[in-house]
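# this one's sequence-less:
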């Protein structure tokens, strides 16, 4: 079945640093989404991307839909303690019957 | 606006026992999803309902899992009998309508039920 390769698996950063994570696929996606999940909670949508090349910001978060439609990245600028959590990419495609396909997540840990 | 409600939050059972989870979606949301999230992985769709009809259950292990949404509002997911590999968080999500070809209908997730099978 379709898979999304998300990297890195985890990140240990200092408060104030910028963060970058990405997601790739071997097939074309129509929609790219970025979610954040905190312990004991369900995922919460951060950014949705619908067009190749689209660059969208949500506060300190910026995400882009790759031109090839096979990748996406998420950047977080000037990280703060509440950014801690697991970030997931997800996408939909005709091949997935427009169901969400998820990456394995990037765990963000902020060093004291 | 109230979010997606799920219960119980935690459940511990022994293998071969049965278990049921309950979900109440956001009011007015026609589409309801059940996902399985194994530790260290992203959620995997088990079943999608549109009102009280099943849209997609292709990844539901039908020999042991069942789900219903009889009145098109709340839903139950049952596992009978449970296996060790069923240990996971079971997430319920709802959206105003289902995903469509050129747009995405935001899914709102509940807090999940953490199932441990011993």
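Thanks, I have it. A quick note: this is a predicted structure, and the numbers were derived from the prediction, not measured.

# Every contact and neighbour count from this point should use C-alpha atoms.
Noted.

# how many neighbours does residue B:118 have?
If you count neighbours by other CA atoms under 10 Å in any protein chain shown, residue B:118 ends up with 14.

# who's in contact with it?
Contacts for residue B:118 (CA atoms under 8 Å, 6 or more residues apart in numbering or on different chains) come out as B:12-15, B:84.

# Equivalent analysis for residue B:113, please.
Residue B:113 touches B:6-11, B:21, B:89-91, counting by CA under 8 Å, 6+ apart.

# And the closest residue to residue A:55 other than its chain neighbours, how close does it get to residue A:107?
Distance criterion CA to CA, 6 or more residues apart in numbering or on different chains; nearest residue to residue A:55, sequence neighbours excluded, is residue A:64 at 4.4 Å. The gap separating residue A:64 from residue A:107 is 20 Å, by CA to CA, to the nearest Å.

# Please identify which of those two sits among more neighbours.
Using other CA under 10 Å, the more surrounded residue of residue A:64 and residue A:107 is residue A:64, with 24 against 20.

# Quick check: that one touching residue A:50?
No - with contact defined as CA atoms under 8 Å, residue A:64 and residue A:50 do not form a contacting pair (9.8 Å).

# Surely the residue nearest to residue A:55 is within a helix?
No - counting by DSSP: H, G, I helix; E, B strand; the rest coil, residue A:64 falls outside a helix, being strand.

# could you dump the contacts of residue B:118 to CSV with neighbour count and secondary structure?
Shown next, in CSV, are those (neighbours: other CA atoms under 10 Å in any protein chain shown; DSSP: H, G, I helix; E, B strand; the rest coil):
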residue, neighbour count, secondary structure
B:12, 12, strand
B:13, 16, strand
B:14, 14, coil
B:15, 17, coil
B:84, 13, helix
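
# Looking at those residues, which is nearest chain A?
Nearest to chain A, judged by CA to the nearest CA, of those is residue B:12 at 15.9 Å.

# Contact partners for that closest one?
Per CA under 8 Å, 6+ apart, neighbours of residue B:12: B:115-118.

# May I ask which helix or strand encompasses residue A:99?
According to DSSP states H and E, residue A:99 maps onto no helix or strand at all.

# Quick one: mean pLDDT over stretch A:3-19.
Stretch A:3-19 carries an average pLDDT of 95.

# hey, where'd the strands end up in the chain?
Picking chain A for this. A:5-7, A:10-14, A:19-24, A:31-37, A:44-49, A:55-58, A:61-65, A:71-76, A:85-92, A:101-102, A:106-111 (DSSP state E).

# Please refer instead to chain B.
Using DSSP E, strands in chain B cover B:5-7, B:10-13, B:19-24, B:31-37, B:44-50, B:53-56, B:65-68, B:75-79, B:88-95, B:108-109, B:113-117.
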